[in-house]
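> Model the structure of this input:
(one chain, ligands or ions: 1)
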Amino acid sequence: MAALKGSEIAEHNDAKSCWVIVHGKAYDVTEFLPEHPGGQKIILKYAGKDCTEEFEPIHPPDTLDKFLDKSKHLGPVDMGTVEQEVKEEDPEEAERLERVAQKPLLSQCYNLHDFEAVARRTMKKTAWGYYSSAADDEITMRENHSAYHRIWFRPRVLVDVENVDISTTMLGSKSSVPFYVTATALGKLGDPEGEVVLTRAAHKHGVIQMIPTLASCSFDEICDTRKGDQVQWLQLYVNKDRKITQRIVQYAEERGCKALFITVDAPQLGRREKDMRSKFTDPGTNVQEGQETDNSQGAARAISSFIDPSLSWKDIPWFQSITKMPIIIKGVQRVEDVVKAVEAGCQGVVLSNHGGRQLEFARSGIEILAETMPVLRELGLEDKIEIYIDGGVRRATDVLKAICLGAKGVGIGRPFLYAMSAYGQPGVERAMQLLKDEMEMNMRLLGCNRIEELNPSLLDTRALFTHTSTPPDQLFGSVYESLATPAQRPK
Ligand SMILES: Cc1cc2c(cc1C)[n+](S(=O)(=O)[O-])c1c(=O)[nH]c(=O)nc-1n2C[C@H](O)[C@H](O)[C@H](O)COP(=O)(O)O
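Predicted coordinates:
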């Protein structure tokens, strides 16, 4: 088949006939337009053109093979005949590239916050917007971190701590550390290779990786990158079409995933305004003239319309009927639901508010953990289920506090994304090493040799439940002008 010319593609440039180019091949997406989860506008912006750059971070490479009928695959394009978009000089992008060139050496990053600082200055606006954003005023996202600062240690002394072992097991799998790489979508927004960067770093450090449903890489790419007995779990957003969900779950088990984490705190993805603000707004639209602007679709909203809001406890037996993998409910936020998970026969829960990206003013994972464990002990259920938490973990002391309170392990999201976005695989590896070094030192200073010794007596949690130090309401504070300020006083 002779390659198509750019001019032929360019003729199909509207909703009546819409062809696009992805990775040097042409596709007729006319009939697909109304089904696109991200809306029609974003595709029509590239009608008749090459959309690879926009397509790449949001869609796994096998998306078109999987979801676009073969009859719409038009074949190769002679890219020499495709008129390249003349990119006007984008001063913002030029400045960003300047900051990338001047970023600190990786060896100058001493903690996870350092990676965030570099990522914030060097990432593309849309990528930073998507990774860093959280719901509404982002109070819960900040509470996730500040809640740890309401817990103090009660270390033991005169304990022989020459030998310290920070390894553990999670869901029956060995792990070199009691933390794991949690599921975070769209890895290629941060690094052109995407989630496989996390896979390789996780292998190097013996850290378990949770593979996100909404990965930029295909599921097979991530599994194929796994080495030796490296452990991977699957994070699942349940599709309204249960046949698709069944296929995903059973294939994941076939590919060697060791556990299924069903995400339940996102029946609808939260309102993440940084993500929405940084998204594509079609320059041609003008809200003033009443034209609707399509930036209601942050990346999150655009990729999540398939998620089934009707999911409920009554679906758990069905999952148990289609897989042998342990089932963990991710996004549990009250002890009553932990007890329900035990009664439903689940092997674990993740106490999580999705990194503050969902319900604003949901409590932090660590506070829910402190509420949960005493109740499980009272009911004699503490050995019936493994408890994980995530959100706001930025230091090994956060991990140790969670383990002392009874968590089996701790999920870490943004820090590894920022390390990857700023420095690629070496960045993620350094982030993991820094955490390991902090873990070992703090275990020694706590007077403990092994993870199993960590227990609630090593903590003072009296302040944990008192929210006197709610994170500052920065947005409100930055715009609110009280009547006390002269400008506001009635004349
Ligand atoms: C930062 C981040 C988190 C996401 C995430 C994407 C990003 C960029 N995405 S999201 O697009 O739908 O929101 C997922 C996801 O795919 N599935 C999921 O279960 N949790 C998702 N989470 C939540 C994540 O699994 C952890 O709960 C959260 O990241 C923990 O907080 P920290 O980032 O502070 O570690």
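
> Next, count neighbours for the spatially closest residue to Asp78 that is not a sequence neighbour.
Counting by Cβ to Cβ, 6 or more residues apart in numbering, Asp78 lies nearest to Ala3, which is 4.0 Å off, once chain neighbours are set aside. Yep, even glycine has a C-beta here, placed from its N, CA and C like the rest. Taking other Cβ atoms under 10 Å as the criterion, the count of residues near Ala3 is 16.

> Am I right that Ala3 is in contact with Val82?
No. With contacts counted by Cβ atoms under 8 Å, Ala3 stays clear of Val82, the gap being 10.4 Å.

> about what we covered before: residues in contact with the residue nearest to Asp78?
The neighbours of Ala3, taking Cβ atoms under 8 Å, 6 or more residues apart in numbering as the test, are 75-78.

> mind running it again at 7 Å?
Taking Cβ atoms under 7 Å, 6 or more residues apart in numbering as the definition of contact, the neighbours of Ala3 are 76-78.

> Buried ones among these?
Under a neighbour-count criterion of 16 or more other Cβ atoms under 10 Å, the subset of the contacts of Ala3 counted as buried comprises Val77.

> tell me the pLDDT at the residue nearest to Asp78?
According to the per-residue confidence, Ala3 scores 89 in pLDDT.

> Run through this protein and note the low-pLDDT ranges.
85-88, 279-303, 482-491 (pLDDT under 70).

> where does it come near the ligand, residue by residue?
In this structure, the chain approaches the ligand at residues 130-131, 144, 182-185, 212, 214, 235, 263, 300, 330, 352, 354-355, 357, 390-393, 411-414, judged by Cβ under 6 Å from any ligand atom.

> re earlier: among the contacts of Ala3, which one sits closest to the ligand?
The nearest member of these to the ligand, counting by Cβ to the nearest ligand atom, is Val77 at 31.6 Å.

> I'd guessed the closest one sits against Ser7; true?
No. Here Val77 lies out of contact with Ser7, judged by Cβ atoms under 7 Å, at a distance of 10.7 Å.

> tally of neighbours for Val164?
With other Cβ under 10 Å as criterion, Val164 counts 16.

> wait, doesn't it sit right on Arg444?
Yes. The criterion here is Cβ under 7 Å, and Val164 meets it with Arg444 at 5.6 Å.

> Stretch 160-168: which residues count as buried?
Of the residues in stretch 160-168, those buried by neighbour count under the rule 16+ other Cβ under 10 Å are 161, 164, 166, 168.

> Where does the stretch 201-350 of the chain get nearest to the ligand, residue-wise?
With Cβ to the nearest ligand atom as the measure, the residue in the stretch 201-350 of the chain that lies nearest the ligand is Thr263; the distance is 3.6 Å.

> partner residues bridging that residue?
Note on Thr263: beta-bridge partners Lys330, judged by DSSP bridges.

> which residues does it contact?
By Cβ under 7 Å, 6+ apart, the contact list for Thr263 reads 235-237, 330-331.

> Would you mind putting the residues you listed into TSV with distance to Gly190 alongside?
Listed next are the contacts of Thr263 as TSV, based on distance: Cβ to Cβ, whole Å:
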residue	distance to Gly190
Gln235	17
Leu236	22
Tyr237	20
Lys330	21
Gly331	23
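
> Just the element for the residue nearest to the spatial centre of the chain, please.
Central residue check for the chain by Cα atoms, centre = their mean: the C-alpha nearest the mean position is that of Thr184, 1.9 Å away. For Thr184, there is no enclosing helix or strand under DSSP states H and E.

> For the residue nearest to it when sequence neighbours are not counted, give its distance to Lys384.
Closest residue in space to Thr184, ignoring its immediate chain neighbours: Gly413 at 4.7 Å, by Cβ to Cβ, 6+ apart. Using Cβ to Cβ, to the nearest Å, we find Gly413 at a distance of 27 Å from Lys384.

> From what I see, Ser167 and Ser176 are in contact.
Yes. Checked against Cβ under 7 Å, the pair Ser167 and Ser176 is within contact range at 5.2 Å.

> so who does the residue nearest to Thr184 touch?
If you count contacts by Cβ under 7 Å, 6+ apart, Gly413 has them with 182, 184, 355, 390.

> do Cys217 as well
The contact partners of Cys217, taken as Cβ under 7 Å, 6+ apart, are 60, 187, 194-196.

> my read is it is in a strand, agree?
No. Cys217 is assigned coil when assessed by DSSP: H, G, I helix; E, B strand; the rest coil, not a strand.

> Which elements pack onto the host helix or strand of Val342?
In this structure, Val342 sits in helix 335-343 according to DSSP H and E. Based on contacts counted as 3 or more Cβ pairs under 7 Å, 6 or more residues apart in numbering; DSSP states H and E, the elements that helix 335-343 packs against are strand 327-332, helix 365-378.

> Can you name the element that comes right after that helix?
Next along the chain after helix 335-343, taking DSSP H and E as the criterion, comes strand 348-351.

> List the contacts of that following strand.
Surrounding strand 348-351, the residues in contact under the criterion Cβ under 7 Å, 6+ apart are 171, 261, 326, 328-333, 338, 341, 365, 368-369, 372, 385-390, 411.

> which one is His36 nearest to, not counting chain neighbours?
Counting by Cβ to Cβ, 6+ apart, His36 lies nearest to Ile43, which is 5.8 Å off, once chain neighbours are set aside.

> what about the helix or strand hosting the one you found, distance to the chain center?
Secondary structure from DSSP H and E places Ile43 in helix 41-44. Centre-to-centre, helix 41-44 and its host chain are 25 Å apart (Cα atoms, centre = their mean, to the nearest Å).

> Next secondary structure element downstream of it?
Per DSSP H and E, the first helix or strand lying C-terminal to helix 41-44 is helix 52-55.

> Give me the buried stretch members for that next one, please.
Residues 54-55 are the ones in helix 52-55 that count as buried (16+ other Cβ under 10 Å).

> I'd like to check what contacts that helix. Which residues are they?
By Cβ under 7 Å, 6+ apart, helix 52-55 touches 21-23, 46.

> residues in contact with the residue in the stretch 1-150 of the chain that the ligand sits nearest to?
Shortest the stretch 1-150 of the chain-to-the ligand distance, computed as Cβ to the nearest ligand atom: residue-wise this is Tyr131, at 4.4 Å. When contacts are counted by Cβ under 7 Å, 6+ apart, Tyr131 is found next to 189-190, 414, 417.

> what do you get if the cut-off is 8 Å, keeping everything else the same?
Residues in contact with Tyr131 (Cβ under 8 Å, 6+ apart) are 119, 123, 184, 189-190, 414, 417-418, 421.

> how near is it to Met373?
Relative to Met373, Tyr131 is positioned 31 Å away (Cβ to Cβ).

> returning to that earlier point: please find the angle between the direction vectors of the helix holding Val342 and strand 327-332.
The directions of helix 335-343 and strand 327-332 differ by 170 degrees, with axes from the mean of the first three to the mean of the last three Cα atoms, to 10 degrees as the criterion.

> quick one: the longest helix along the chain to chain centroid distance?
Secondary structure of the chain per DSSP state H: the longest helix is helix 414-446. In terms of Cα atoms, centre = their mean, the centre of helix 414-446 is set 17 Å apart from its chain centre.

> What helices and strands are in contact with the next helix or strand after that helix?
Stepping forward along the backbone from helix 414-446, the first helix or strand reached (DSSP H and E) is strand 459-460. Strand 459-460 makes packing contacts with strand 152-153 when contacts are defined by 3 or more Cβ pairs under 8 Å, 6 or more residues apart in numbering; DSSP states H and E.
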